[in-house]
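J.: need coordinates for the below:
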Amino acid sequence: PRAINLSKLESNGSMPSGDSVQSAAISTFFWLLSGNTCWLLLPPIVMFTRVYFVCHWVCDTIVGAIIGGLISYTVLQFS
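T.: Numbers count the residues shown, from 1 in each chain. Okay, here's the model as predicted:
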């Protein structure tokens, strides 16, 4: 059993994972600006924790990361 069960505290599980969207958007933005691939380590860590603490399904986090990455890419293409 887990020491902390966040799924009992989470009342609005949704598709996509907002945390994954945010982490991917921020990481993609800084990666595209700096070229430093270390930024790409952030989304998988956030995605893992959301699934580990039973707040989201794996697909929720994958879709969230894709949406976040596309948002940052699109914003930087039009700016």
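J.: do a quick rundown of the helices in the protein.
T.: Using DSSP state H, the helices of the chain run over residues 18-34, 42-52, 58-77.
J.: now these as CSV including mean neighbour count and mean pLDDT?
T.: Bear in mind the C-beta positions are built from the backbone N, C-alpha and C, glycine included. Output for the helices of the chain, formatted as CSV (neighbours: other Cβ atoms under 10 Å; pLDDT from 0 to 100):
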stretch, mean neighbour count, mean pLDDT
helix 18-34, 19, 96
helix 42-52, 18, 95
helix 58-77, 17, 96
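J.: tell me, how many neighbours does the closest residue to Asp60 other than its chain neighbours end up with?
T.: Nearest residue to Asp60 in three dimensions, chain neighbours excluded: Ser17, at 4.6 Å (Cβ to Cβ, 6 or more residues apart in numbering). Neighbour count of Ser17, defined by other Cβ atoms under 10 Å: 28.
J.: quick one: residues contacting the residue nearest the centre of the chain.
T.: By Cα atoms, centre = their mean, the chain has its centre lying nearest to Ser20, at 1.4 Å. Neighbouring residues of Ser20 by Cβ atoms under 8 Å, 6 or more residues apart in numbering: 43, 46-47, 50, 56, 60-65, 68.
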